[in-house]
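>>> Sequence and predicted model, in that order:
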Amino acid sequence: MNVALSDVSTIDDSIIDAVYAEPLETFNPAQSANFQNNTMWPYFERLRKEAPVHYTPDSDFGPYWSITKFNDIVAIDTNHKDFSSEPGIALALKDTPTFDEENASGPPPMFIAMDPPKHDVQRKTVSPVVAPANLAELSPLIRERAGKILDNLPVGEEFDWVDLVSKELTGMTLATLFGIPLEDHRRLLHWSDVVTAVPGHGLIDSFEQKFSIFQEYRQYFLDQWATRKAQEPMGNLVSMLAHGDHTKDMEPREFFGNVILLTVGGNDTTRNSISGSVLALNQNPDQYNKLRADPGLIPSMVSETIRWQTPLAHMKRRATRDIEFQGQTIKKDDNVVMWYVSGNRDDEVVDRPNEYIIDRERPRHHISFGFGIHRCVGNRLAELQLTIIWEEIMKRFPEIVVVSEPKRTYSCFVKGYESMKVVIPKRN
């Protein structure tokens, strides 16, 4: 039943030759199609070797700099004075229309796309929801849900792991964090996918359709916000924003921007790492055997999966001044793209980086969560959900078999999976 699944080592030599034949002057790693077919790796390998700080003069996203080595990414990520996250943290398609909200232009503001001090106070408002004490309270609920999800899976029949497991667990957790009805968790996931979807690639056909869905998404949460404002403060994200000293008077547009951030941030990292863990273990059966022999390796495997998967491929910054960096002159207002997906494969920092090794000496030494003031606020929650789902998997199933190549996301930002067909041969 096992099939050969693509990874870095299976990329055709003709593709690699073509990548190395391209002139660096027009080299463009930000091609969503390459991420969808998993052939982007040679682009980053070449950039790390030949041009670790590289300028692309034109692309679907306009001109931008690529930062591809681990330590350079850390240097940019921890220097928010010279490299601002305003007005946005992801590459945006040229000539993308703006969601016409309150006659405003540009993307809705969100705290990850802000600089201090505003960033700091808004982040601090919502961070208690993922504080250790709250995670300890959430843990039994996540475990109960994970168990029910797994117990309802068919045995001996093909099904979509992304749909029945990865989406379900992360969607329900996200609904709980927002304090919205559990039955709305699929709507939440749909809205999250629409945020990062490119028209014409499956989910939406046009920006008009995208913005129509945004209207529904926005109104739903504005109604939730009004309800929470009228109630006593509670320990969910909407209530925290509604009652926080630095957020309770924010404009609806800014509230919606933060909802978008928390939806996408709470969905993509965990969901795609859950799917990625199953794929990685199938691609590396020796590591799957190692895990079966010692389930105590689950926490280490989780961290290795998050490195190996890198569920958000990049983060973008804007240079606030002309600055010399590693021998290159980055001009004020230039877009600077930190390719986390490349930094995690930097062999100067990570030993045997293209290999999936679940018992690495330092498994949490990766860049998937970012560094500095914008480090992922929910990183511990992501690790918790992955750890719990695998603890529950190991109790039930000796093997989960990926039976065909997964369908990957068309995006150079979200590095994930739309579907992945698996079979569970038997229960323990």
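Noted; the coordinates are in hand.
>>> residue ranges with poor pLDDT in the chain?
1-4, 99-107 (pLDDT under 70).
>>> what about the longest helix in it?
Scanning the chain for the helix with the most residues, using DSSP state H, yields helix 252-283.
>>> Mind listing what's buried along that helix?
252, 254-283 (16 or more other C-beta atoms under 10 Å). C-beta coordinates here come from the backbone N, C-alpha and C atoms, glycine included.
>>> right, and the helix or strand after it?
For helix 252-283, the succeeding helix or strand toward the C-terminus, using DSSP states H and E, is helix 285-293.
>>> Mind giving me the packing neighbours of the following helix or strand past that next one?
Per DSSP H and E, helix 285-293 leads on to helix 298-309 as the next helix or strand towards the C-terminus. Other elements packing on helix 298-309 under the criterion 3 or more C-beta pairs under 8 Å, 6 or more residues apart in numbering; DSSP states H and E are helix 252-283, helix 285-293, helix 379-396.
>>> Could I get the buried residue list for the shortest one?
Think helix 285-293. For helix 285-293, the neighbour count (16+ other C-beta under 10 Å) marks Gln287, Tyr288, Lys290, Leu291 as buried.
>>> Rebuild these as TSV, extending it with distance to Ser32.
Listed next are these as TSV, based on distance: C-beta to C-beta, whole Å:
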residue	distance to Ser32
Gln287	29
Tyr288	30
Lys290	34
Leu291	32
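>>> can you pull out the strands in this structure?
53-56, 64-67, 83-84, 158-160, 314-319, 323-325, 328-330, 335-339, 401-402, 407-408, 417-419, 421-423 (DSSP state E).
>>> Nearest to Ile15, out of those?
Closest approach to Ile15 among the strands of the chain (C-beta to C-beta): strand 407-408, 15.7 Å.
>>> Listing partners with orientation, what would you give for the closest one?
Partners of strand 407-408 in the sheet, by DSSP bridges, are strand 417-419 (antiparallel).
>>> for the strand it pairs with, the distance to its chain's centre please.
13 Å (C-alpha atoms, centre = their mean, to the nearest Å).
>>> Distance of Pro398 relative to Ala146?
Distance, Pro398 to Ala146, using C-beta to C-beta, to the nearest Å: 18 Å.
>>> With neighbour numbers in mind, choose between these two.
Per other C-beta atoms under 10 Å, whichever of Pro398 and Ala146 has more neighbours is Ala146, with 23 against 13.
>>> show me the contacts for the more buried one.
Residues counted as contacts of Ala146 (C-beta atoms under 8 Å, 6 or more residues apart in numbering) are Leu169, Gln385, Ile388, Ile389, Glu392.
>>> I'd like to know which of those residues is nearest to Ile358.
Proximity of those to Ile358 (C-beta to C-beta) peaks at Ile389, which lies at 15.3 Å.
>>> what about that closest one, how many residues close to it?
28.
>>> go on, Gly370?
When neighbours are counted by other C-beta under 10 Å, Gly370 comes out with 20.
>>> likewise Ala197?
Look at Ala197: counted by other C-beta under 10 Å, it has 20 neighbours.
>>> And for the one 10 residues further on?
Applying other C-beta under 10 Å, we find 16 residues neighbouring Phe207.
>>> Does it touch Pro97 like I think?
Yes. Under the criterion of C-beta atoms under 8 Å, Phe207 makes contact with Pro97 at 5.1 Å.
>>> Perfect, that will be all.
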